[in-house]
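A.B. asks: structure for this input, please:
(chains A and B)
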Amino acid sequence: EAGVAQSPRYKIIEKRQSVAFWCNPISGHATLYWYQQILGQGPKLLIQFQNNGVVDDSQLPKDRFSAERLKGVDSTLKIQPAKLEDSAVYLCASKLMGGHEQYFGPGTRLTVT
Amino acid sequence: AQRVTQPEKLLSVFKGAPVELKCNYSYSGSPELFWYVQYSRQRLQLLLRHISRESIKGFTADLNKGETSFHLKKPFAQEEDSAMYYCALSRLSYNTDKLIFGTGTRLQVFP
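C.D. replies: Down below sits the predicted model:
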């Protein structure tokens, strides 16, 4: 079974630039999560999708972050414009509806200079 | 507010020694507690959850609601246990079952 795929694996941008991350969840997983993990901290949820609908985006900085999952499969997370404090690893995870285990991707390490 | 606390950033032991990684939580309802592990150059993965009451790779964790703790234990550490361990709490609120993670504890097992 293929795991959660993410790209790119690494990205370096300057502040005020834009960046987008892509996630392909495990086939059949209806629930998709984006987490932000700042160095030295645990992952923090940014947004959760159930199929193509948002069920929790309470901690998403909506003035600069956006995410979509148009067809209920792949998802993209965008930051525009980026700030220095956005430097982090962005993790995508997916889960079967009704399941208990979240499966994580390898993450995208973002450095904002 | 829901919170998970892992007081130790680093725990170093020798092979064969007992290990206890501490986790305390604050939550007003009935949480579901997990331990996730990240081995070097691998992705974050589930180790165990309190509901299953399983022993995975020799690790166990018991939910103590009185002390609001979910400590991870192993009687005899192995070198391959060296990894980053995260305690996490899940709450079912409305439709979200997001994980709230602690800051993690790095376990180093020396030969």
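A.B. asks: for A:Ser87, give its distance to A:Val112.
C.D. replies: 5 Å (C-beta to C-beta, to the nearest Å). Glycine gets a C-beta too; all of them are placed from N, C-alpha and C.
A.B. asks: what about the two, which has more around it?
C.D. replies: A:Val112 (20 against 17; other C-beta atoms under 10 Å in any protein chain shown).
A.B. asks: A:Arg64 versus the more buried one, what's the distance?
C.D. replies: Here A:Val112 is placed at a distance of 11 Å from A:Arg64 (C-beta to C-beta).
A.B. asks: overlap in contacts, those two.
C.D. replies: The contact sets of A:Val112 and A:Arg64 overlap at A:Ala82, A:Lys83, A:Asp86 (C-beta atoms under 8 Å, 6 or more residues apart in numbering or on different chains).
A.B. asks: how about the strands of the chain, start to end?
C.D. replies: The chain I'm using is chain A. A:5-7, A:10-13, A:19-24, A:31-37, A:44-50, A:53-56, A:65-68, A:75-79, A:88-95, A:103-104, A:108-112 (DSSP state E).
A.B. asks: that answer is for a different chain, and I need it for chain B
C.D. replies: For chain B, the strands defined by DSSP E occupy B:3-5, B:10-14, B:19-21, B:24-26, B:32-38, B:45-49, B:60-61, B:72-74, B:83-90, B:99-101, B:105-110.
A.B. asks: from the middle of its chain, how far away would the fifth one be?
C.D. replies: So that's strand B:32-38. Taking the mean of its C-alpha atoms, strand B:32-38 sits 5 Å from the chain's own mean (C-alpha atoms, centre = their mean, to the nearest Å).
A.B. asks: ok, the residue nearest to B:Leu11 when sequence neighbours are not counted - contacts?
C.D. replies: Of all residues not flanking B:Leu11 in the chain, B:Leu107 sits nearest, at 5.2 Å (C-beta to C-beta, 6 or more residues apart in numbering or on different chains). The contact partners of B:Leu107, by C-beta under 8 Å, 6+ apart, come to B:Leu11, B:Ser12, B:Val13, B:Val19, B:Leu21, B:Ala77, B:Asp81, B:Ser82, B:Ala83, B:Met84, B:Tyr85.
A.B. asks: list just the nearest of those to chain A.
C.D. replies: The closest of those to chain A turns out to be B:Met84 (C-beta to the nearest C-beta; 9.7 Å).
A.B. asks: my read: that closest one touches B:Arg41, true?
C.D. replies: No - in this structure B:Met84 lies outside contact range of B:Arg41 using C-beta atoms under 8 Å: 11.5 Å.
A.B. asks: who's more crowded, the two?
C.D. replies: Comparing B:Met84 with B:Arg41 by neighbour count (other C-beta under 10 Å), the higher total belongs to B:Met84, at 15 against 6.
A.B. asks: need the residues of chain A near chain B, please.
C.D. replies: Residues of chain A lying close to chain B (C-beta under 8 Å from any C-beta of the partner chain) are A:3-4, A:31, A:33, A:35, A:40-45, A:48, A:50, A:55-56, A:91, A:93, A:100-107.
A.B. asks: restricted to buried residues, select these in ChimeraX.
C.D. replies: With 16 or more other C-beta atoms under 10 Å in any protein chain shown as the criterion, this ChimeraX line picks the buried residues out of the residues of chain A next to chain B:
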select /A:4,31,33,35,42,43,44,45,48,50,55,56,91,93,102,103,104,105,106,107
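A.B. asks: partner residues bridging B:Thr105?
C.D. replies: Assessed by DSSP bridges, B:Thr105 has beta-bridge partners B:Tyr85.
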